[in-house]
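*Asks:* what's the 3D shape of this:
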Amino acid sequence: MASRNLGFEVARNLAESVNDRDALNNLGGGNIASDIELFVNNLNNVSELTWEYNTHQSAISGDKFVFPITVPLVYTDGDIVTVSGNSLGNLNAELTYYVVGFNLRSGTRLNQVSFGLSESRGGSLVSLGSITDDVTLIRSDVVTKENLLNIASPNGSNVQSNLIGDNYNYPSFNDAFDSIESNVDSFNFLRSFKYITNESTAVNRSITIEGSVEVYDPDEYNTSETNLATAKSPGVYISNPFSDILDIEKTRAYSTNSQPWEEGTNELVTESTQVNIGDLYFSNGIKFESITDLNTESGAVTEFTHKIPVLINGVEYFVLLKS
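*Replies:* The predicted structure is shown next:
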């Protein structure tokens, strides 16, 4: 029979348990030890976010710190922060600032995060001045009594809510936190696979498309023939599935935006700079200057004994011959 740790027991002369966590859980029920751990050293809890100087996509714009899209952060207006670093411009490491002007659409492509600092909540931006080194923003993560009251179930007498029978339906704290955790996990997963219209995206998974695929070239990049061979030329490509995901080997599925092929007088024509031909047919015959006493044969020939390489418009072909 397993023994149950009850903490301080008269039968044990009030000897202290050797496992405080078990004692707290048995006395309080559930995982109360883990709950209490959340508030250990609560008044000193902080989180740090570093703005990196002279880094790609990291900038200062309009007295706001602009962060690269690769930097995860959960700051928002009203957060209390202090700063540290070797070059703080007009900022003071001894002062407390408030986050203001939080913006999710910053940077040259409007897909970055930026915010500024103020000396009062909701106040005007502090002029950052000249900053020539990394700046660390230190946010206070203190959990106060007011914070807990803000997520408590409100009084049903003065709040509109979902009414079920005679009771107001509100989730418990645990249900609310489980929902938040699930949403954060889903967001992190989807963000890693999200297609951004102004960024190059490569994935190693199959994509099924039901319908047509349209390729846009708003900058008319493909109007220059030399641009068709560059990596950023718009188009539909067939890739090598065994190539490196960061260096994908591909060939254009359609030569240019002028596809499909057009019918000429006795031939198909295209403006493509890269063309693959399966069967080459010489309607007007072919002449070999270095070969004499050449006989022709009518009808289909299925067996060949020789082949001669020929160069046509820079492409090597083989003419199959029978002796």
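
*Asks:* got any ranges where the stretch 51-200 of the chain has weak pLDDT?
*Replies:* For the stretch 51-200 of the chain, applying pLDDT under 70 flags the ranges 150-171, 192-200.

*Asks:* residue ranges of the helices in it, please?
*Replies:* For the stretch 51-200 of the chain, the helices defined by DSSP state H, counting those that start in this stretch cover 145-150, 173-193.

*Asks:* The next helix or strand after the last one packs against which elements?
*Replies:* I take that to be helix 173-193. Reading on from helix 173-193 to the C-terminus, the next helix or strand found by DSSP states H and E is strand 237-239. Applying 3 or more C-beta pairs under 8 Å, 6 or more residues apart in numbering; DSSP states H and E, we find strand 237-239 packed against strand 250-252. Every C-beta, even on glycine, is put in place using the N, C-alpha and C of the backbone.

*Asks:* what residues does the strand it packs on touch?
*Replies:* With C-beta atoms under 8 Å, 6 or more residues apart in numbering as the test, strand 250-252 has contacts from 228, 235, 236, 237, 238, 239, 240, 243, 274.

*Asks:* what about burial for those, which qualify?
*Replies:* Neighbour counting over the contacts of strand 250-252 (16 or more other C-beta atoms under 10 Å) leaves 228, 235 as the buried ones.

*Asks:* Find the pair from the contacts of strand 250-252 with maximum spatial separation.
*Replies:* Largest separation among the contacts of strand 250-252 by C-beta to C-beta: 228 and 243, giving 20.2 Å.

*Asks:* one step back: can you list the helices of the stretch 51-200 of the chain in JSON lines and add distance to residue 117 and mean neighbour count?
*Replies:* Converted to JSON lines, those look like this (distance: least, C-beta to C-beta, whole Å; neighbours: other C-beta atoms under 10 Å):
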{"stretch": "helix 145-150", "distance to residue 117": "22", "mean neighbour count": "8"}
{"stretch": "helix 173-193", "distance to residue 117": "26", "mean neighbour count": "10"}
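
*Asks:* Relative to residue 71, which of these is closest?
*Replies:* Smallest distance to residue 71 across the helices of the stretch 51-200 of the chain (C-beta to C-beta): 12.7 Å, for helix 173-193.

*Asks:* Send me the closest one as CSV with only the CA atoms.
*Replies:* What follows is helix 173-193 as a C-alpha-only set of coordinates in CSV (Å, rounded to 0.1, in the frame of the first residue of the first chain):
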residue,chain,number,x,y,z
PHE,A,173,-8.9,29.9,-15.4
ASN,A,174,-7.5,26.5,-16.5
ASP,A,175,-9.7,26.4,-19.6
ALA,A,176,-8.8,29.9,-20.5
PHE,A,177,-5.0,29.2,-20.2
ASP,A,178,-5.3,26.0,-22.1
SER,A,179,-7.1,27.8,-24.9
ILE,A,180,-4.4,30.5,-25.0
GLU,A,181,-1.6,27.9,-25.0
SER,A,182,-3.3,26.0,-27.8
ASN,A,183,-3.7,29.2,-29.9
VAL,A,184,0.0,30.1,-29.4
ASP,A,185,1.1,26.6,-30.5
SER,A,186,-1.1,26.8,-33.5
PHE,A,187,0.1,30.2,-34.4
ASN,A,188,3.8,29.2,-34.1
PHE,A,189,3.2,26.2,-36.4
LEU,A,190,1.2,28.0,-39.0
ARG,A,191,3.6,31.0,-39.0
SER,A,192,6.4,28.6,-40.0
PHE,A,193,4.4,27.4,-43.1
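
*Asks:* Show me which positions of the single longest strand found in the chain end up buried.
*Replies:* The longest strand of the chain (DSSP state E) is strand 97-106. Buried residues in strand 97-106, counted by 16+ other C-beta under 10 Å: 97, 98, 99, 100, 101, 102, 103, 106.

*Asks:* next one: stretch 51-66
*Replies:* Across stretch 51-66, burial judged by 16+ other C-beta under 10 Å covers 51, 53, 57, 58, 59, 60, 63, 64, 65, 66.

*Asks:* Stretch 306-323 - what's its average pLDDT?
*Replies:* Stretch 306-323 shows a mean pLDDT of 75.

*Asks:* Distance to residue 90 for the helices of the stretch 51-200 of the chain - can I get that in TSV?
*Replies:* As requested, the helices of the stretch 51-200 of the chain are exported to TSV (distance: least, C-beta to C-beta, whole Å):
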stretch	distance to residue 90
helix 145-150	31
helix 173-193	34
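
*Asks:* which stretch among these comes nearest residue 74?
*Replies:* Minimum separation from residue 74 across those (C-beta to C-beta) falls at helix 173-193, 9.2 Å.

*Asks:* ok, residues contacting stretch 59-74?
*Replies:* Residues contacting stretch 59-74 (C-beta under 8 Å, 6+ apart): 49, 51, 55-58, 101, 103, 106-107, 111-116, 125-128, 131, 135, 137.
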